[in-house]
Every structure is written in structure tokens, then in C-alpha cells.
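**Student:** Structure for the following, please:
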Amino acid sequence: MGHKEHKAQSPSVVNCAVVTVSDTRTAETDASGVLIRTLLEKQGHRVGAVHLLKDEPVEVRKLLETLTRNEDVQAVIINGGTGISKRDGTYEAVSGLLEKRLDGFGELFRYLSYQEIGPAAMMSRAVAGTYRGKIVISIPGAEAAVRLAMEKIILPELGHLIREVIR
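**Tutor:** Numbers count the residues shown, from 1 in each chain. Take a look at the predicted model:
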């Protein structure tokens with residue numbers, strides 16, 4: 001069975017959790033989290049949980065463990081904390097939990113980002129994979145990066161990712 005057949009058999013609605021990791025954003029200023037939710041819902045997906053927390057790796061791990069225990073959550077999309085500053089710890093928290101990494105996700109995101117912003121794209125530590133039978137995706141928190149990741153990578157393949165992880 002080819003890629004097109006797999007996509008045709010993929011769920012059209014995915015139950016998602018959206019997590020914003022930021023030391024500075026509030027519920028009122030979390031434009032990237034709102035953008036993720038809006039884009040997911042516009043495509044017919046469900047967002048059952050929305051969280052905003054500080055960039056504390058222990059807290060990020062705890063929340064991921066809680067979300068992935070929820071049978072209603074199929075995918076967790078995290079934004080923020082993927083850079084290389086001293087406070088950016090989301091990559092370590094997420095990548096340390098992943099059971100199967102989707103290395104191509106980060107590579108593809110950085111390639112597409114490079115086309116938009118040039119070599120600074122190398123500083124993105126976007127990462128994705130599986131944890132406890134769920135898809136976990138971690139992307140930068142900048143609105144342009146969120147839009148790029150969602151529109152060019154995540155939304156076109158989200159149902160297919162879920163199909164593959166549950167078979």
C-alpha cells in the first residue's frame with residue numbers, strides 16, 4: 001500500500017493537546033498557542049487541552065506524562081523553548097521522553113525555515129516522535145515558525161502520523 005492509500009485510510013479528526021512553553025507569555029499574549037489551536041480546529045481536529053507553562057524541563061516532562069496518559073489525546077503539539085539560550089530546556093525534556101524519534105521532522109522544519117530566514121534556522125531544535133503511543137511535536141514559539149510548521153508539515157500529515165502510530 002502506498003503513501004496515498006495510507007493517507008486515505010488516516011483519521012480526518014485528531015484529538016490534540018496544545019502546550020505553550022514560555023517564561024514571558026501569558027494567556028492573553030500567547031498568539032502562537034492560539035494560532036496552533038485555530039489552525040487545528042479549522043482543519044476539523046479537536047483541541048481538548050491547552051496549557052501554558054514556564055520553560056522548566058521537569059514541569060514540561062510532568063505535563064507530557066499526564067497528557068499522554070489521557071486516552072482522548074492522540075497528539076501533543078508544543079511550542080516554545082526549542083532555542084539554545086540558557087532558559088531553553090524544552091528540547092531536552094521532550095527528546096528525553098521520545099521512544100521513536102522522527103528525525104525527518106526536525107530536518108524538514110529546519111530546511112523550510114532556512115528558505116525563509118537563512119542560516120539562523122540551525123538554531124531551531126524542533127523535534128518530533130512518539131511517546132506512549134502518542135505523537136509529540138515540539139516547535140519554536142515564534143508565530144512565523146508555528147505557521148510554517150503547522151501549514152507545511154504538521155497539518156498535511158497529522159492524520160497519517162496517527163494512523164501509523166496506532167497500527
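**Student:** In this protein, what helix or strand scores lowest on average pLDDT?
**Tutor:** For the chain, counting by mean pLDDT, DSSP states H and E, helix 3-8 ranks last in confidence among helices and strands (a mean of 72).
**Student:** immediately after it, which helix or strand?
**Tutor:** Proceeding C-terminally, helix 3-8 gives way to strand 15-21 as the next helix or strand, assigned by DSSP states H and E.
**Student:** quick check, distance from that next one to the centre of its chain.
**Tutor:** Chain-centre distance of strand 15-21: 8 Å, with C-alpha atoms, centre = their mean, to the nearest Å.
**Student:** what's next to that strand, contact-wise?
**Tutor:** 30, 32-33, 36-37, 40, 45-55, 60, 63-64, 67, 70, 72-81, 90, 141 (C-beta atoms under 8 Å, 6 or more residues apart in numbering). C-betas here are computed from N, CA, C, even on glycine.
**Student:** residues touching Ile36, list them.
**Tutor:** With C-beta under 8 Å, 6+ apart as the criterion, the residues that contact Ile36 are 18, 77, 79, 146, 150.
**Student:** Return the list of helices and strands in contact with the longest helix seen in the chain.
**Tutor:** As far as residue count goes, and with DSSP state H defining each element, the longest helix of the chain is helix 103-117. Packed against helix 103-117, as judged by 3 or more C-beta pairs under 8 Å, 6 or more residues apart in numbering; DSSP states H and E, are the following elements: strand 127-131, helix 143-149.
**Student:** let's see 10 Å
**Tutor:** Packed against helix 103-117, as judged by 3 or more C-beta pairs under 10 Å, 6 or more residues apart in numbering; DSSP states H and E, are the following elements: strand 127-131, strand 134-139, helix 143-149.
**Student:** Return the distance of it from the chain's centre.
**Tutor:** Using C-alpha atoms, centre = their mean, we find the averaged C-alpha position of helix 103-117 to lie 14 Å away from the chain's own average C-alpha position.
**Student:** So what touches it?
**Tutor:** Applying C-beta atoms under 10 Å, 6 or more residues apart in numbering, the set of residues contacting helix 103-117 from outside is 82, 91, 95, 102, 120-129, 135, 137-140, 142, 144-145, 148-149, 151-154, 157, 161.
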